[in-house]
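Enquirer: When you get a sec, could you give me coordinates for this:
(2 chains)
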Amino acid sequence: MNTHSHKLKPFYSLLFWRGVSCETRSISFGLKAKLLLFLCFASSFVLAQSSSFVAQVSKNKVAVGEVFQIAFTVNGAGGNISLPNINADFNIAGGPNQSNSMSMVNGNISQSTTISIFIAAKKEGKFTIGAATCVSGNQKLETKPILIEVGKGATQQANTGNQGNGAQQQTQQQNQVATPVGSEELFVRTYLSKSKCYLGEQLILTQKVYSRVDLRGFQNVQFPQYNGFWSQIEENTKQIELKQENVNGVNYYVADYNRVFLFPQRTGNITVEPIELECIVRRQTKRQPRNIFEQFFGAGGYEDVVVKVKSKAVKVDVLDLPLDNKPQDFSGAVGDYSYKAEISKQQVKANDAVNLKITISGKGNIKLVEPMHLNLPESFESYDPKVSEKISTNGGVSGSKTYDYLIIPREKGEFVLDKLNFSYFDSDKKQYVTLPSPEIKLSVLEGDASSAQVITPTKKGINETENDIRYIKTGNLDLHKKDDEFFSSFMHYLLLLIPTVLFIGGIVLVRKHIKENSNITAVKERKAAKLAKKQLIVAEKHLSTNNKELFFNEILNALHKYIGNKFNLSIVDLSKDKIVEMLLSRHVTNDTAKNVIETLNTCEYAKYAPSAVTGDLQKVYNDTVELISQIEEQIKKT
Amino acid sequence: MKHVLYILFLVISLHTFSSVDLTQQAEIFYKNKNYKGAIESYEMIVKQGVMSYKLFYNLGNAYYKNNEIGKAIYNYELANKLKPNNDDIIMNLRIANQKTIDKIESKENFFLGAIKTGLVNYFTTNGWAWLSIASLIVCLVLAFSFFVSGSVSIKRLSFFTAVFCFIVFISSMVLGFSALQSKQQISFAIITTRESKIHEEPSTTSNSKFSLHDGTKVSVIETNETWTNIKLENGNEGWVKTADIGLF
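Expert: Model (predicted):
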C-alpha cells in the first residue's frame, strides 16, 4: 500500500484563491504576510489545508497498447509542476489535460490541480514512471515512482476469474452483457493486527472490501468460523463508510466491512478461514438497446451485477504464555486491567451479610476472566458471586466485570481480608502483572443469638489447602550412616538371642527345681511308713521295758513324722485341724482321720501324765500300726 | 610442607561442615524461598554419606519448589523407601506426580501383589526388627508362664497367646527380610532430566524409540554405569543413560 503524499506544515500553507498568481505564494515573511494572515482569519476563511502531491494510475497492470490514465494531483497550493519523461516507454494517447477544482466547505477552502495524461505502453515488461515534482510554498514536492507491469497485447485476454491482470476489459465489453468485474476492480482482504501473539491476547481482524466500481451493497455474507478463538464482533451502528486508499498507485474505494476482535484459545498455528460475500455492483450495460423505447428512456443502461468475492485465509501463530514468574492466582486474564475491591460495611454483626464487590476493568479478554478465589478467614461463609459485566467493543474489547460476593462472617473478631490479588498478563510488556489487593478491614461484632442457629459451616477450605506441598521437616533430621541397617544386623540377632537364652535358662532352672522338689517329697512319702515303722520299733522296745513315758513319746513322734513326711509338712504346721484337712484332701476316710486325732490326743495326754494312763499299751501300739497301714492303703487307692 | 598441611586442613574443615549447621542453613534458605541454596546445603549433607527420610523429604521439597519435578520425585521416593507410609511424603509425592508430563497407563496391580507390598511396607525394616524382638519376648514370657503356672486356665491362655506371638515373630522376620531386600535392591528409577531419549540399544547411535520427561517412574531391569535397561508400566522397554535417571 503506497500512498504518495507529502504533508506540509500548516505554517507554509497559504491562502489560495482561484486566479491568484504564483507570485502570491512567493511572498516573503514580513509585514505583508502577517497582514494577509490576519485578513484571512478576520474574514473567517480558515485555512487548515496541507499540500500533497500524488501520482495515480488507473491501472498498474496493463497490456501493450492499452490506454490508461496517469494523473498527478496537487492537493492544496502547488505550481511549477514538472512531469517525468514517459516518452521512452509509453505513447501519449491524449493530454496532458489540466483541471483545477476548488471547494469551500464551512469556510475551509480546498483546492486541487490535476494533470492527467492518457498513455499506452509500447512493449511488454516492467516500467517505472518517474517522480513528478512541483513547488508548493518553500517546499518542493515529489510523487513516488509508479511501477507499471505491461503484459502481452490483445492475445492475452483478461479473465473474469480471481487472478490475472484483468487488463483487456475493453475487448470483452463488446461480447458481454454487462461489464464483468475483475479481481482487480473488486476484492476483499482480511487483515490481522498481528501474525504472532500470546494465548488470550486480543487480535483485530478487519475485513476490507476494495473496489473501483460502483458498489451498491453486500449480500449473503458468510462469516468465517473463528475456530480456536473467542470472538467478539465490533458493533457497528454507523453505515459503512467508503474511504479512498491507494494500492500500488491505483486508487480504490475501501469499505471496512467489519471488524472482529479475536482472542486465541489454544496455542499453535491457527488459520482464520476466509470471508465470502456477494457484492452488488452497478455497471453500465454495453449491449445495444433492444428497442427504441429502451434507448429513449435509457432503461438497461445500468444493471446491478452480483459479484462473489472471497478473501484469503490468514494464519496466526499463537504462543503459550510464559511459565516463568507465573503468579499462582493467575486465571487467564490477558490485556491491561485495573482492579478494585470494596466492602459494603466496615463493621458488621456476626451472621449478617456483607457485600464484597470486586471490579475488574480494562482492555482484553475480560469476558473470559474467571471469578477470583477468595481466601477468606475460616469463619467466613461465602457464596458464588453475582457477575455483571459491561463490555464495549469500540476499538477493542474493553469494559468492566463486577463480582458481587455475599459474605457472612460467623464469628466475631477483627479481620483483614487480604490475598485478594488479581494477576493478569500484560501482552504489550510481555510480563505478568499482579495487582495487590487493597487491604480491607472488617470488624465483626457479636451477632444475635437467634440467627446463629442457621450456621452451616463450610468445609471447602480444608481440601484446598493440599494444593501445595507440605512444609519441610525442621529440626534434627535424624541422620544416620548409609549402611547401618538394624534388621538382620548383629544387634538384631543378639536382641533375639538374649531372651531366648534367658527363656531356656529359666526353663531349665525351673525344671531342675521342680524335679528336686518332687524328688524329696516323693522319697519322703515313700519312706514315711518305713520311718514310722522304725520309730514304732523303738516304741516297741519301750513297751517291753514298760517305760510308758518314752513309749508314748515315740508313738507321737512316729505319727507326727509319718504325717509330716507324707504330706510334706513341717512339724510346726502340724496342728490337728491341718492334719484332718490334709488327710481328707488325700481321700482318707473320716473314721481313720478321727482315729488318728484320737490316737494323737491319747499319746499327748499320756506323754504329760504317764501315770494316769491305764489300758493296754500293746493295744495303742497295734492301733497305731493299724492306722498307718490304713492311711497308706487309702492314699494308694486314689 | 606447610602449604600441603594447610590445604589438607582446609579440605578437612570443608568436609566436616557439621550436618547440623547445614541443616539449619538449609532451613533458613527454604524459609526465605532461596530454594537453590537449600538444595545445595541438603546435597552437601547427602554427600557426607548420611541419610534419613527427613533429609530426602526436605530435599525433595526444595527441588519441587525450584521446579525440578523429576529430582523432587526421586528424593520423595528415596524418603518413601526409608520410611514407607509417611503421610507427608505420600501427600507431596502425589502432588509432585500431578505435575509430571508423561501419563503412562499402568497395568492392573495384582491383588495379592498389592497386599504383599502393602504388608511389607507397613513397617520400616527397623520396625520389623523391633516387632520381631518384641513378639519373641512376649512369646517366650508366655511360654515360661505356661510351663511354670499351676493353674490350668492360665496355662491354656498363655499357650494360645504364645503361639500367636510366635506366628507374629515368624512373619515379622519373613516380611522384614523381604522389606530389606526391596530396600537394598534397585528396582525403580525416576527420570530426572527434562527430556530423556529411550534407545533401542545401549548406545547413542541406536534409534531412539520414544522419550520420557522428568518425574516418570520406570522399572529397572538391569543397570550399569552408563546405561540402564528400563521398563515402563505399560510394558515398553528401552535403554536410557544412567546419568539421566535416579535409581532407587
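Enquirer: What separation do you get for the residue most central in space within chain A and chain B?
Expert: Central residue of chain A (Cα atoms, centre = their mean): A:Ser331, 5.3 Å from the mean position. A:Ser331 sits 18 Å away from chain B, going by Cβ to the nearest Cβ, to the nearest Å. From N, CA and C alone the C-beta is placed, and that goes for glycine too.
Enquirer: got the CA coordinates for the helix or strand encompassing B:Tyr74 in CSV?
Expert: Taking DSSP states H and E as the criterion, B:Tyr74 maps to helix B:69-82. Output in CSV follows, covering the C-alpha atoms of helix B:69-82 (Å, rounded to 0.1, in the frame of the first residue of the first chain):
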residue,chain,number,x,y,z
ILE,B,69,9.9,-32.2,39.4
GLY,B,70,12.0,-35.2,38.4
LYS,B,71,14.5,-34.7,41.2
ALA,B,72,11.8,-33.9,43.6
ILE,B,73,10.0,-37.1,42.9
TYR,B,74,13.3,-39.1,43.1
ASN,B,75,14.0,-37.7,46.5
TYR,B,76,10.5,-38.3,47.7
GLU,B,77,10.8,-41.9,46.6
LEU,B,78,14.1,-42.3,48.4
ALA,B,79,12.4,-40.9,51.5
ASN,B,80,9.4,-43.2,51.0
LYS,B,81,11.8,-46.1,50.7
LEU,B,82,13.3,-45.3,54.1
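Enquirer: What's the mean pLDDT across that helix?
Expert: In this model, helix B:69-82 carries a mean pLDDT of 89.
Enquirer: Give me the contact list for that helix.
Expert: Residues outside helix B:69-82 that contact it (Cβ atoms under 8 Å, 6 or more residues apart in numbering or on different chains) are B:51-57, B:59-61, B:63-64, B:86, B:89-90, B:92-93, B:96-97, B:99-100, B:124, B:183, B:188, B:190-194, B:213-217, B:246, B:248.
Enquirer: and if you look at stretch A:584-602?
Expert: The contact list for stretch A:584-602, computed with Cβ under 8 Å, 6+ apart, reads A:552, A:555-556, A:559, A:563, A:567, A:576, A:579-580, A:583, A:620, A:623-624, A:627, A:630-631, A:634-635, A:637-638.
Enquirer: Checking the residue lying closest to A:Gln219 once chain neighbours are set aside next. Helix, strand or coil?
Expert: Computed as Cβ to Cβ, 6 or more residues apart in numbering or on different chains, the closest residue to A:Gln219 that is not its neighbour in sequence is A:Glu278, at 4.9 Å. Following DSSP: H, G, I helix; E, B strand; the rest coil, the label given to A:Glu278 is strand.
Enquirer: And for A:Gly107, the neighbour number?
Expert: Around A:Gly107 there are 11 other residues, counting by other Cβ atoms under 10 Å in any protein chain shown.
Enquirer: for A:Ile469, same thing?
Expert: Neighbours of A:Ile469 (other Cβ under 10 Å): 20.
Enquirer: ok, now the one 5 residues further on?
Expert: When neighbours are defined as other Cβ under 10 Å, A:Thr474 has 13 of them.
Enquirer: ok, it - contacts?
Expert: Counted by Cβ under 8 Å, 6+ apart, A:Thr474 has contacts B:Glu27.
Enquirer: picking that back up, in PyMOL, how would I select just the buried ones from the contacts of stretch A:584-602?
Expert: Entered in PyMOL, the line below selects the buried ones among the contacts of stretch A:584-602, by 16 or more other Cβ atoms under 10 Å in any protein chain shown:
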select buried, chain A and resi 552+555+556+559+563+567+579+580+583+620+623+624+627+630+631+634+635
